[in-house]
Structures are given as C-alpha cells and as structure tokens.
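**Q** Fold the following and give me the result.
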Amino acid sequence: MRTKLKFLTLCAATFWSLNSFAAAYPVTVTDVAGRTITFDHQPQNIALSTSRIFPLLEIIYQQDAAKHLVAARDDMQFSAPSMYANYIKQYPSLKHVPKIGLIKSGEFDAERFINLKPKPDLFIVDLSNIKLAQDNGLLKKLNAAGIKVIAVDFRENPIKNTVKSVETVAKAVGRGAQGQAFAHYYLTHIANIEQALAQSPNLKPKKVFIERAAGYSDSCCRTFAGGNMGAYIPFLKAINIADKPLKGAVTGQMSPETVITAQPDVYIMQTTGWINDKGQPTHGIPLGYTPNPTAIKIATSALMDRNWLQAVSAYQTKDVYSIYMPFYNSPYNLVAMEYFAKWIHPNVFKNLNPEQTFEEMNKQFGHRKISGDFGQNNFKAMQ
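**A** A predicted model of the protein is given here:
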C-alpha cells in the first residue's frame, strides 16, 4: 500500500505540474461542470455565489483573500454564524462586501451585479446553480459583460470534485503553487484513509444514518443518500441506510419509524448553531469556531431526548455523533470525512486526528490559527 500512496502522490504532483502553472495569459481551464473558460488576463475581482466557500479564496490568496472578494451572498452570516464571526475578526472588510441574491430563487440581480464597482471579473458559482444559470441565459449575459464564471463543487461529489475545484480556480487566477500544495495535502490524506481500509479487509460493514440539519426545524428526518456527506459513507466501506428508501434521490425525507426499522450502527447529526433573520438562535447544536459548552450541552440534550431516537441501536451503543454542518460545502470537507472515519471505524482510525487536520489546513493554506469544536460524541457532550 505504500507503493500505492507514493503512486497517488506522484500522480497528483504530475497532474498539478502539467495543469496548474501558466507562464502568461491567455489561460484556459476546464471546470467541474465540463465547461471550458479562457481568461485573457489575470482575474483580480472575485464574486462568490455562496460566502461559505470563502476558505477557497484563503487557500489561494492567504491573508490577501478579502482584498479579492468584491461580492458574495450573505449565507455565511446566517448559516455559519461562528464561521462568519471568526472571519470578521481577521477580515473586518467582509462586513462591507456587497451582497448578491441566490440564483436558484431568482433573487440574483444580473444588471446590478454587472454594474458593481469594482466590477467582478470572475464569478465562482457552486455546481448546483450552473445549469440553471446556463438555461436562463445568465452565463451568456455575464460573459458578454466580461465576467467569467467557474463552477466549483464541494458538496455534490466532494471526493471527486474538491481538488479539481481548487485546481481550476488556482490556475485561472495564476496561483497554481497554492493549488498544488492543497491538492498534495488532500490527496495524501485521502490515500491514507484508503490504505488503512485496505489493510483491514475483514471489517463488518456498518449501517450509518445522517440526519440533515438536525435542530434546524422540529421535523425529522431529512437525510442524504448519494452526494453531500452521504458520499463519505460508501467511501468508508459502510452502508448508508437512506440508499433504498430514497430510491436514487440525493436527498429526501425518512420517518423516524423507517430509521428505527433500519437500526443504524452509527447515527450522525449534521448540525450547527444557525440563527434566523432576527439574529435569534435555532435549536441546532452550536458547534463551530466559538463553542459555548453550556449551549452545546443543552442543544445536544434536546435532540437526544426525542423518544423515538432511544429505540435506535446506535443510541444503545452510544454511537450518536454530531458534525459541524458547514463542512458539507467547503474545501475543508476532508475534516468531516476524517470524523466519519473515526466514528464508523474507531479501531482502524484510532490515531486519526480531525481536529489537528483542520488546524493544519488553516495554518498551512490560510496562514491563520483556529480552534473550536467541530465534531462530538453526543453522549460525552451531555456529561
């Protein structure tokens, strides 16, 4: 397996050396949607269709990241408030970045976007919005205005598309070395997980359930089959109990009764400390950059006290966990994968340290120091 790891690392290095560096513009890239985009100059002013992928800019530009952001949707503020507060401390200018609307909902104002000062010359759009933007003529309109669009994906097919997404943007903006460093780190960690699983061929496949946005509302149980954090489960040689009930859909609703019948061995709550538009907290578990142990304990206890949950086998074995939800749409999704690996195969991955991985990635790629609580065993959190 060491040979395999060296081979993967060599392939990554070769891939990046061939694809990430450009001596001069024009530069042509192919994004994760298969679109070919040519840049006749180095982009400087960047807009994000979701502000939660701001770490992508930090990986590429380090402490100059905020200088290049000229517009973004304000989803980080409400969907990842501890992340927003943490970044605002380091980049106060983020509070003043012009806000743009959601493409899917029709809130995106193309004319206003085109006339922003400074004008964006690169718009980074999550993959889920690209087809809509193409079908409704938005891509054509932006291109005519001199604004190039690159699709990225950290959630629909994260294992396949994360490195490609970072590579594409890094190459487009002339920062190939930063992209190469990220790819080497990410692919090496992925290969290490694969190697550990391959060296444990007799593992019993565990059944896993992911509760999507636990605590966001009073209902249960939205979940994922393929894609998003659901993609981590087969990668880790486990069984996603949502696969059959969802009948091929990426996401959908399961009833508590269906979850109980499936009896998952591992139950993972995807959650965070959301706030509503009035700044009031919801019932999610406030994991993140500025954890409040008391608030975490109260919120965890509330979700764990649902009567039906106690009938699930994972509850009986104390294998109920929570993961910081914003990892699902982040180039740092590797951290969530490592948490899943430890929870699903604790003996195989007893030396794996997701917290250290997150700290390393932020320090190495973003030149910043972070701390917080991003994953937990719910039973320990209630003690």
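**Q** could you pull out the strands for this structure?
**A** Using DSSP state E, the strands found in the chain span residues 27-30, 36-39, 46-48, 69-72, 122-126, 148-152, 207-211, 222-224, 239-240, 251-253, 266-271, 320-324, 375-377.
**Q** among the ones you listed, which is nearest residue 201?
**A** strand 239-240 (16.5 Å; CB to CB). In this view, the C-beta of every residue, glycine as well, is placed from N, C-alpha and C.
**Q** ok, residues contacting that closest one?
**A** Strand 239-240 is touched from outside by 205, 206, 207, 208, 209, 210, 224, 225, 230, 233, 234, with contacts defined as CB atoms under 8 Å, 6 or more residues apart in numbering.
**Q** Given that strand, what are its sheet partners and their directions?
**A** strand 207-211 (parallel) (DSSP bridges).
**Q** quick revisit: farthest pair in the contacts of strand 239-240?
**A** Across the contacts of strand 239-240 (CB to CB), the longest gap, 17.9 Å, separates 205 and 224.
**Q** Looking at those two, which one has more neighbours?
**A** A count of neighbours by other CB atoms under 10 Å puts residue 224 above the other of residue 205 and residue 224, at 26 against 13.
**Q** Setting the sequence-adjacent residues aside, check what's closest to that one.
**A** Excluding the flanking residues, the one nearest residue 224 by CB to CB, 6 or more residues apart in numbering is residue 230, at 3.3 Å.
**Q** Can you tell me how far the one you found is from residue 337?
**A** The gap separating residue 230 from residue 337 is 12 Å, by CB to CB, to the nearest Å.
**Q** swap in residue 122?
**A** 28 Å.
**Q** Need the mean per-residue confidence for the lengthiest helix in the chain.
**A** Assignment by DSSP state H gives helix 176-198 as the longest helix of the chain. Averaging pLDDT along helix 176-198 yields 97.
**Q** Next, the residue lying closest to residue 286 once chain neighbours are set aside: phi, psi?
**A** Nearest non-adjacent residue to residue 286, counting by CB to CB, 6+ apart: residue 273, 2.7 Å away. Note on residue 273: its backbone torsions stand at phi -90, psi 70 [degrees, to the nearest 10].
**Q** All further residue positions should be reported with the first residue as 51.
**A** Sure, I'll start counting at 51 from here, so that last one is residue 323.
**Q** how about residue 323, what does it touch?
**A** So residue 323 contacts 131, 132, 331, 332, 334, 335, 336, 337, 338, 345, 349 (CB under 8 Å, 6+ apart).
**Q** The nearest residue to the fourth one once chain neighbours are set aside: what's it in contact with?
**A** By that I understand residue 332. Nearest residue to residue 332, sequence neighbours excluded (CB to CB, 6+ apart): residue 324, at 4.4 Å. Applying CB under 8 Å, 6+ apart to residue 324 gives the contacts 128, 129, 131, 265, 266, 331, 332, 334.
**Q** Next one: the fifth one from residue 316, what distance?
**A** Between residue 266 and residue 316 the distance is 21 Å, computed by CB to CB.
**Q** who's more crowded, these two?
**A** Comparing residue 266 with residue 316 by other CB under 10 Å, the one with more neighbours is residue 316, at 23 against 17.
**Q** For the more buried one, which residues count as its bridge partners?
**A** When bridges are called by DSSP bridges, residue 316 pairs up with residue 258.
**Q** That one contacts residue 257, correct?
**A** Yes. Assessed by CB atoms under 8 Å, residue 316 is found in contact with residue 257 at 7.4 Å.
**Q** okay, and the common contacts of those two?
**A** Counting by CB under 8 Å, 6+ apart, the residues touching both residue 316 and residue 257 are residue 288.
**Q** just to revisit the earlier point, what's the closest of the strands of the chain to residue 419?
**A** That would be, of these and by CB to CB, strand 370-374, which comes in at 17.6 Å.
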